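Trainee: Need coordinates for the following:
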Amino acid sequence: MPLTLFWLIVALFFNLTNPMPTIDKLISTFHPPLQQQVESTEDIHASSIIIDGHVDTMMNIINEDTWLPETDIGEDTSLHVDIPKLQEGGLDAAFFAAYTTDYYGNNPRNISRTLALLNALYWTEQNNPNQFQIASTSMEIMKTIKSGKIAAIPTIEGAYSLQEHNAIELLHQYDDLGVKAIGFNWNYSNALGEGADRVYGDPAKTPSQGGLTELGAEVVKEMNKLGMIVDVSHMSEDTFWDVLEVAEAPIMATHSGVNALKNHQRNLNDEQLIALSENGGIVGIVFYPVFLTDNPEAYVTDVVDHIDYAVDLIGIDHVAIGSDFDGSDMPKDIHDATDLHKITDELIKRGYSDEEVEKLLGENTLRLLMDVEEAAEISPYNSGAGANLKINPAFEMGEIIDSTTPILSANIEISGTSEINNNSLRVIVDGIPYEPVYNSESSSLTLEVKEPLQEKFHVVTFEVANDHNEIHRETRIFYIDN
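Mentor: Numbering: from 1, shown residues only. A predicted model of the protein is given here:
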C-alpha cells in the first residue's frame, strides 16, 4: 500500500490534521499522560504502555487430550498470566503465542495444534468480553487499551503448519484470524528454514543445514505484504541472516537474550543485534534464566543487564521486553505478571529517564507494529468489499462439528448495485482452495468436503468477490468431534 494512503487512513481514523502522525501522537491520542507530574516508579509504570513480546499462556489452558480450552484466565489461576495478574501488573498488551513444535512432519497435526491455541485465544475473549480483546493492528491495540481492556495480539511460534502445498493460502488464513507475528521455528528446522538447534523434529533428531529455504523466502515476502512481523527468535544464525537479506520490513526477536552475556544458541550476538537495529527491528529481552546467566538462579538485575547491554550497543529505540511467561521458568524475584513493576524499578535505579522506560516497556514494540503496517502492500485496515457484501458462515468461531466430511456453507448478503462475481468464489480449508457451489436463489455458498479431514482443528475461509473485483473473506476455526 502506498505510504501516503497508509497515513491518510491513520489521519482519518484519528481525526488528525497532520498526515504523518508520530508514535507520540498515536500514543497521546489514545493514552494521554498523567496530568500530575510523575514522582515515583509506581507512577511511571502506571503511565507507561506495557507490551510483552511473548507469552505462552494459551498452551496451558487447553485440555491435554482434546486440545479444547478449559481453563478460564478471567479468574485467578496458578499461571504466570491471567487477567487479574495482568491488571495488577499493568500489562496492557501481549503477544499470545500459538506454540507448536514439530509433530514429526505430520502437517495436519501441526495445523491442528496451531489452530487449537488460536481458538483458545478467541475462547478467552468470548468468556471475558469486558476485560480482554483480540487486537492485531496498532490502532486496534491502542483503542483496546483506551477502553480499559487487555489487548491480546495473536502470534505463532513454530510455523510447522506451513509447507509447500499450503503455505501462502494458510498464511492468509492466519492473517484473517489476526495473527500479527510468526516465528518460523521452535528450535527444530522445517520447510521454511533451519532452527536454532539445527536438527529436525523427527525422533532421530536428524541434523539439518542451511538457512532460509526458497519457500521461507516466499513466506517472508508475503508476510511483509500483509503487514505481519517476522519473528527471528528460535532461528539458526544462518536463517537469521537470510531473513535480513529478504525482508523489506522491520523484524523482531520477540524473546531472546544477548549472547555476549550468556553464550546460548537462542541468544543474539553483537553482529546480529546491530543488523537488527539497522533493519529497524527490535529485540524483546527474555526473562528465562537459562538465557540470562550461568548462575543457578537469575534475578531482575540479570534481565536488566541484558537490556543495558543491548541499549548500549544498538540504542534505546531497538530494545523491548519478551518475558516468555508460562513458557519457561522465571527469575527468582519474578513470580508472575504482577512483578513486572520490578523491571521498571530497576530501570529507574540505573538512571533511565521516564521517556526511555516508556520506550523499553512498550512504545518500541508499538512503533515496530506501525512500521511493519506502513511497509505493507495490503492494508491491515482494508475492509474488503465493505458494507455492500457480507458473508455469514453457518457456524461460529470454534464450533464443534460431528463429521469428518462436513458441509461447509455460508450465506451471502449483497446490497446496492453490486453483484457477485461467480468466477471468483473460493472456499479454503487448511490452506487448500476449493471451488464451491453457489446457489443464487438462496444466496448460499457451499463446499461438501469429500476426503475425510484428519485431526481435530481446521480453518475454513469463504472468499467472495463482487463485480468490481473487491474481495471479501470470512474465516472460522472449527473442531471435529467424531
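Trainee: just to confirm, which helix or strand has residue 391 in it?
Mentor: For residue 391, the host element (DSSP states H and E) is strand 389-393.
Trainee: That strand: partners in the sheet, and parallel or antiparallel?
Mentor: Using DSSP bridges, strand 389-393 pairs in its sheet with strand 407-414 (antiparallel).
Trainee: ok, residue 116 touching residue 64?
Mentor: No - using Cβ atoms under 8 Å as the test, residue 116 is too far from residue 64 to be in contact (11.0 Å). In this view, the C-beta of every residue, glycine as well, is placed from N, C-alpha and C.
Trainee: quick one: which of the two has more around it?
Mentor: residue 116 (25 against 6; other Cβ atoms under 10 Å).
Trainee: Please identify the buried residues of the top helix by length along the chain?
Mentor: Assignment by DSSP state H gives helix 107-127 as the longest helix of the chain. Applying a neighbour-count criterion of 16 or more other Cβ atoms under 10 Å, the buried positions in helix 107-127 are 107-125.
Trainee: Let me know the next secondary structure element after it.
Mentor: Helix 107-127 is succeeded, C-terminally, by strand 132-134 (DSSP H and E).
Trainee: Count the neighbours of residue 415 for me.
Mentor: Count around residue 415 with other Cβ under 10 Å applied: 9.
Trainee: now residue 292
Mentor: Count around residue 292 with other Cβ under 10 Å applied: 25.
Trainee: outside of the strand holding residue 391, which residues touch it?
Mentor: 408-415, 418, 420, 445, 460, 462, 464, 466, 470, 472-474, 476 (Cβ atoms under 8 Å, 6 or more residues apart in numbering).
Trainee: if we go to 10 Å?
Mentor: Outside strand 389-393, the residues that touch it by Cβ atoms under 10 Å, 6 or more residues apart in numbering are 384-385, 399, 408-416, 418-420, 443-445, 460-466, 468, 470-476, 478.
Trainee: hmm, back to that, against which helices or strands is the longest helix of the chain packed?
Mentor: Applying 3 or more Cβ pairs under 10 Å, 6 or more residues apart in numbering; DSSP states H and E, we find helix 107-127 packed against strand 93-99, strand 132-134, strand 150-157, helix 167-176, strand 457-465, strand 471-480.
Trainee: which residue ranges form the strands in the stretch 251-400 of the chain?
Mentor: Secondary structure of the stretch 251-400 of the chain by DSSP state E, counting those that start in this stretch: the strands cover 252-256, 282-285, 319-321, 389-393, 399-401.
Trainee: If I average pLDDT within each of those, which one is lowest?
Mentor: Among these, strand 389-393 has the lowest mean pLDDT, at a mean of 93.
Trainee: buried set for that one?
Mentor: Using 16+ other Cβ under 10 Å as the test for burial, strand 389-393 gives 389-391, 393.
Trainee: and which of these is nearest to residue 255?
Mentor: Residue 255 lies nearest to residue 393 out of those, by Cβ to Cβ, at 34.4 Å.
Trainee: Spell out for me which residue occupies the centre of this protein.
Mentor: Nearest to the mean C-alpha position of the chain, counting by Cα atoms, centre = their mean, stands residue 155 at 2.4 Å.
Trainee: What separation is there between it and residue 233?
Mentor: In this view, residue 155 and residue 233 are 11 Å apart by Cβ to Cβ, to the nearest Å.
Trainee: got it, and residue 364?
Mentor: 16 Å.
Trainee: what's the answer for residue 144, then?
Mentor: Residue 144 sits 25 Å away from residue 233, going by Cβ to Cβ.
Trainee: Between these two, which is the more surrounded one?
Mentor: Using other Cβ under 10 Å as the criterion, residue 144 and residue 233 rank with residue 233 on top: 29 against 21.
Trainee: In terms of helices and strands, where is that one?
Mentor: Using DSSP H and E, residue 233 falls within no helix or strand.
Trainee: which stretches of the stretch 1-150 of the chain have low pLDDT?
Mentor: 1-39 (pLDDT under 70).
Trainee: From the recorded domain assignment, give the ranges for this structure.
Mentor: 3-375, 386-480 (automatic domain parsing).
Trainee: which residues sit in contact with residue 299?
Mentor: 289, 292-293, 305, 331-334, 342, 346.
Trainee: Equivalent analysis for residue 69, please.
Mentor: By Cβ under 10 Å, 6+ apart, the residues touching residue 69 are 58, 61-63, 116-117, 119-124, 126-127, 398.
Trainee: Residue 248 reaches residue 217, doesn't it?
Mentor: No - with contact defined as Cβ atoms under 10 Å, residue 248 and residue 217 do not form a contacting pair (11.6 Å).
Trainee: The two: who's more crowded?
Mentor: Between residue 248 and residue 217, counting by other Cβ under 10 Å, residue 217 is the more crowded of the two (18 against 12).
Trainee: separation between the closest residue to residue 344 other than its chain neighbours and residue 80?
Mentor: Nearest non-adjacent residue to residue 344, counting by Cβ to Cβ, 6 or more residues apart in numbering: residue 45, 4.3 Å away. Using Cβ to Cβ, one gets 18 Å for the distance from residue 45 to residue 80.
Trainee: Fine by me, thanks again.
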